[in-house]
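Visitor: A structural model of the following input is requested.
(one chain, ligands or ions: 2)
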Amino acid sequence: MRRWKIIIGVFMALASGVSSAQAGSPEEAESAASEAEEFVRQAEEQLLALWTEAARASWVRSTYITGDTQTLAALASKRAIEATARLAKKSAGFETADLPREVARKLELLRLSLTLAAPPDPKASEELTRLVTSMESRYGKGKVCGKAGDECRDLQELSRIMAASRDPEILQEAWIGWRSIAPPMRKDFQRYAELANQGARSLGFSDTGAMWRAKYDMSPESFRQELDRLWEQVRPFYLSLHAYVRQRLRAHYGPEVVPADGPIPAHLLGNMWAQTWSNVYPLVAPRETDPGFDLTRILQSRKTTPRQMVSYGEGFFSSLGFAPLPQSFWDRSLFEKPVDRDVVCHASAWNLDSREDLRIKMCIDITAEDFNVIHHELGHNYYQRAYNQQPVLFRESANDGFHEAVGDTIALSITPAYLARLGLLNKVPPPSKDLGLLLRQALDKIAFLPFGLLVDQWRWKVFSGEIPPDRYNEAWWELRGRYQGIAPPVARGESDFDPGAKYHVPANVPYTRYFLAQILQFQFHRALAGEAGCEDSLHRCSIYGSEPAGKRLRAMLAMGISRPWPEALEALTGEREMDATAILDYFAPLREWLDEQNKGQPLGW
Ligand code: X8Z
Ligand code: ZN
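Guide: Ligands and ions are numbered 1, 2, ... in the order given. Below you'll find the model as predicted:
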């Protein structure tokens with residue numbers, strides 16, 4: 001996540017924002033162009049100043065949550081989004097047809113840049129930024145305490161239980177426990193949705209969801225259809241994986257806990273939100289093809305430190321020809337949960353000055369899961385640095401799915417052969433064990449897809465009013481059931497607010513980006529593996545050490561958002577469409593095997 005996304009803005013009143021010149025004569029066209037150019041130039045200068053200011057306030061607040069840091073961060077954010085909203089309105093007044101391409105694109109991007117738009121009334125905009133800051137901080141501070149108020153557990157501790165426990169009662173307690181942090185946000189969330197919509201409408205969008213869907217170089221409606229198309233490509237695979245996992249969990253927990261043909265209870269999948277399932281790999285693994293190593297155990301037995309985990313990640317990027325991370329990254333990042341204060345532990349990557357001040361903020365656990373998350377976060381940082389030579393308004397990923405996909409693409413190259421090269425593994429398992437590896441990978445990558453889609457299906461409907469506040473939770477579970485085929489372990493009602501127990505909802509971070517990233521990273525991997533000369537099966541390819549792959553990747557990253565995303569995709573892959581055939585190709589051997597295992601078993605729910 002890139003914090004400054006929600007806070008970009010410019011604080012200034014441009015003397016002549018709206019162009020009055022109509023491009024009738026060549027002279028008038030020229031004057032309109034120079035007026036637009038000057039507007040954009042000033043906007044970029046001011047944007048940069050406000051980004052930097054708001055990002056610093058936000059960093060301090062996220063790494064030291066107090067009433068004061070919240071107030072300061074909310075104020076800086078308000079200044080930034082108000083100014084951006086003003087500029088966005090002005091940018092819409094320019095006639096772009098005759099403008100130089102670069103200027104026209106910048107005006108368009110200005111109009112689309114906000115994920116949280118300031119309502120016209122300054123009081124309302126102050127309330128809005130206060131609400132978002134407070135909801136995110138409440139999530140960050142979330143703790144679940146025993147009856148006597150002692151023995152409090154935070155999300156990190158509860159997540160460890162979700163990952164490791166095989167006792168349904170303990171799992172259920174942790175699952176219910178974490179969701180108790182959310183009901184107090186419910187009213188705030190409702191008000192936030194109202195105010196955010198006021199802001200979006202003042203910028204000409206029908207609501208905040210429409211504003212989010214407008215960012216993909218196509219109409220919001222076409223984007224919806226793109227998502228449907230991609231989901232239909234992968235849905236049969238998900239059904240197959242779901243049926244297999246259900247059958248194995250049923251064998252382990254018994255028929256009174258897991259139904260034969262209904263949704264899977266949400267607390268049994270190894271993750272607080274049932275969004276990735278690899279933690280239950282040992283329960284569902286086929287004995288005969290188990291790869292026989294567990295990276296978590298290896299890292300822990302070697303007493304790997306958080307910093308060393310990050311160094312491994314840096315080492316991968318260096319092997320592709322990326323410059324090392326600056327010393328300030330090591331000095332200023334937060335790698336471990338401090339013992340003496342509240343922080344927002346949800347992992348994020350930052351570039352505070354839009355140049356070289358890169359950092360990650362993450363409460364690292366020594367696990368295979370966090371080894372991947374580190375690569376994910378570093379992907380953001382290397383992308384941010386790669387486009388920092390672009391003009392300010394182009395310092396962004398081609399679309400938000402690209403930003404989320406880069407580090408994951410690299411993580412796909414963490415193959416057993418690569419781990420052996422690092423000295424973390426003594427022996428590379430033979431190809432006959434690949435099915436186990438592929439299954440473990442699919443439990444994360446394929447299982448995630450419906451979750452990646454549904455979070456915003458819910459929010460879009462909330463923003464449009466199709467889901468009214470008195471149906472927030474019911475509609476959430478309706479979507480969880482429909483897309484993921486999971487069900488809550490206990491009855492839920494409207495005094496609960498389960499969407500609020502997922503970081504991105506209180507923090508106002510759009511989520512469709514992760515669905516897109518899951519598709520894109522396999523397209524990127526397929527292309528880069530080709531560039532690296534790997535002729536093996538895709539899941540055996542690692543691009544570690546490949547200069548040509550690095551060069552190709554950097555060329556795309558350096559484009560930022562200067563061109564519509566299909567051009568960036570083409571620069572890297574030669575393809576202009578998002579396409580799920582790459583993820584399907586990658587897992588093809590597993591699909592065949594799963595279908596075989598599922599013979600005679602119910603599919604769906
Ligand atoms: O939020 C994240 C990253 C930060 S951008 C850690 N992710 C999503 C999540 O945790 O829900 C990465 C995968 C999905
Ligand atoms: Zn991310």
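Visitor: Excluding chain neighbours, what is closest to the residue nearest to the spatial centre of the chain?
Guide: Nearest to the geometric centre of the chain sits Tyr514, at 4.6 Å (C-alpha atoms, centre = their mean). Spatial nearest neighbour of Tyr514, chain neighbours left out: Gly452 (4.5 Å); criterion: C-beta to C-beta, 6 or more residues apart in numbering. No exception for glycine: its C-beta is placed from N, CA and C like everyone else's.
Visitor: Quick check: that neighbour touching Pro510?
Guide: No. Assessed by C-beta atoms under 8 Å, Gly452 is found out of contact with Pro510, at 11.2 Å.
Visitor: And the residue of the stretch 501-605 of the chain found nearest ligand 1, what's its pLDDT?
Guide: Residue of the stretch 501-605 of the chain nearest ligand 1, by C-beta to the nearest ligand atom: Tyr514 (4.3 Å). What the model reports as pLDDT for Tyr514 is 98.
Visitor: hmm, the helix of greatest length in the chain in reach of ligand 1?
Guide: In terms of residue count, the longest helix belonging to the chain (DSSP state H) is helix 26-63. No. Interface with ligand 1: helix 26-63 contributes nothing (C-beta under 6 Å from any ligand atom), its closest point being 12.6 Å away.
Visitor: Tell me which residues of that helix come out buried.
Guide: Buried residues in helix 26-63, counted by 16 or more other C-beta atoms under 10 Å: 29, 32-33, 35-36, 39-40, 42-44, 46-48, 50-63.
Visitor: so what's the residue nearest to the centre of the chain up against?
Guide: 401, 404, 448, 452 (C-beta atoms under 8 Å, 6 or more residues apart in numbering).
Visitor: lowest average confidence, helix or strand, in the protein?
Guide: Of all helical and strand segments in the chain, the minimum by mean pLDDT, DSSP states H and E falls on helix 26-63, at a mean of 93.
Visitor: who does that helix touch, helix- and strand-wise?
Guide: helix 67-92, helix 101-112, helix 122-141, strand 348-351, strand 358-361 (3 or more C-beta pairs under 8 Å, 6 or more residues apart in numbering; DSSP states H and E).
Visitor: can you put the ones you listed in TSV and add mean neighbour count and mean pLDDT?
Guide: Formatted as TSV, the helices and strands packed on helix 26-63 follow (neighbours: other C-beta atoms under 10 Å; pLDDT from 0 to 100):
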stretch	mean neighbour count	mean pLDDT
helix 67-92	22	95
helix 101-112	20	96
helix 122-141	20	96
strand 348-351	24	98
strand 358-361	23	98
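Visitor: Nearest to ligand 1, out of these?
Guide: The nearest among these, by C-beta to the nearest ligand atom, is strand 348-351 at 5.6 Å.
Visitor: So which residues make contact with that closest one?
Guide: Contact with strand 348-351 is made by 1-4, 55, 59, 62, 357-362, 377-381, 384-385, 388, as judged by C-beta under 8 Å, 6+ apart.
Visitor: Check which strands are paired with it and give the direction for each one.
Guide: The pairing partners recorded for strand 348-351 under DSSP bridges are strand 358-361 (antiparallel).
Visitor: Can you name every helix or strand that the helix or strand following the strand it pairs with contacts?
Guide: Next helix or strand after strand 358-361 toward the C-terminus (DSSP states H and E): helix 368-386. Packing partners of helix 368-386 (3+ C-beta pairs under 8 Å, 6+ apart): helix 295-301, helix 306-319, strand 348-351, strand 358-361, helix 400-411, helix 547-558.
Visitor: Between these, which one is closest to Arg440.
Guide: Smallest distance to Arg440 across the helices and strands packed on helix 368-386 (C-beta to C-beta): 9.9 Å, for helix 295-301.
Visitor: how much space is there between the spatially closest residue to Leu453 that is not a sequence neighbour and Asn508?
Guide: Distances taken as C-beta to C-beta, 6+ apart place Phe515 nearest to Leu453, at 4.9 Å, with adjacent residues excluded. Relative to Asn508, Phe515 is positioned 18 Å away (criterion: C-beta to C-beta, to the nearest Å).
Visitor: repeat for Ala568
Guide: Relative to Asn508, Ala568 is positioned 25 Å away (C-beta to C-beta).
Visitor: quick one: contacts for Trp212?
Guide: Trp212 neighbours (C-beta under 8 Å, 6+ apart): 115, 456, 460, 510, 512.
Visitor: Quick check: residues of this protein near ligand 1?
Guide: Contacts of the chain with ligand 1, taken as C-beta under 6 Å from any ligand atom, map to 1, 347-348, 373, 376, 514.
Visitor: which of the residues you listed lies closest to Ala163?
Guide: So of the residues of the chain next to ligand 1, ranked by how close each gets to Ala163 (C-beta to C-beta), first place is Val373, at 13.4 Å.
Visitor: Hmm, Cys363 and the closest one touching each other?
Guide: No. Using C-beta under 8 Å, Val373 is not in contact with Cys363; the gap is 10.4 Å.
Visitor: how much does the longest helix of the chain deviate in direction from helix 122-141?
Guide: If you take axes from the mean of the first three to the mean of the last three C-alpha atoms, to 10 degrees, helix 26-63 sits at 40 degrees to helix 122-141.
Visitor: what angle do helix 26-63 and helix 67-92 make?
Guide: 160 degrees.
Visitor: Helix 101-112 and helix 26-63, what's the angle between them?
Guide: Here helix 26-63 points in a direction 50 degrees away from that of helix 101-112 (the same axes, to 10 degrees).
Visitor: Low-confidence regions, the protein specifically.
Guide: Regions of the chain meeting the criterion pLDDT under 70 cover residues 1-24.
Visitor: one more time with 90, if that's ok
Guide: Counting by pLDDT under 90, the chain has low-confidence residues at 1-33, 51, 95-97, 146-151, 286-293, 431-433.
Visitor: and the residue of the stretch 301-450 of the chain nearest ligand 1?
Guide: Counting by C-beta to the nearest ligand atom, the stretch 301-450 of the chain gets nearest ligand 1 through Ala347, at 3.9 Å.
Visitor: Let me see the contact set for that residue.
Guide: Here Ala347 is in contact with 1, 360-363, 373, 376-377 (criterion: C-beta under 8 Å, 6+ apart).
Visitor: And it, how close does it get to Val257?
Guide: Counting by C-beta to C-beta, the separation of Ala347 from Val257 is 32 Å.
Visitor: How much space separates Ala29 from Asn351?
Guide: Taking C-beta to C-beta, one finds Ala29 at 37 Å from Asn351.
Visitor: my bad, should have said Thr52
Guide: 10 Å.
Visitor: just Gly315 next, same as before
Guide: 21 Å.
Visitor: try Ala442
Guide: 33 Å.
Visitor: same question, Glu28
Guide: Glu28 sits 40 Å away from Asn351, going by C-beta to C-beta.
Visitor: Could you do Lys502 as well?
Guide: Look at Lys502 and Asn351: by C-beta to C-beta, they are 25 Å apart.
Visitor: and what of Glu136?
Guide: In this view, Glu136 and Asn351 are 19 Å apart by C-beta to C-beta.
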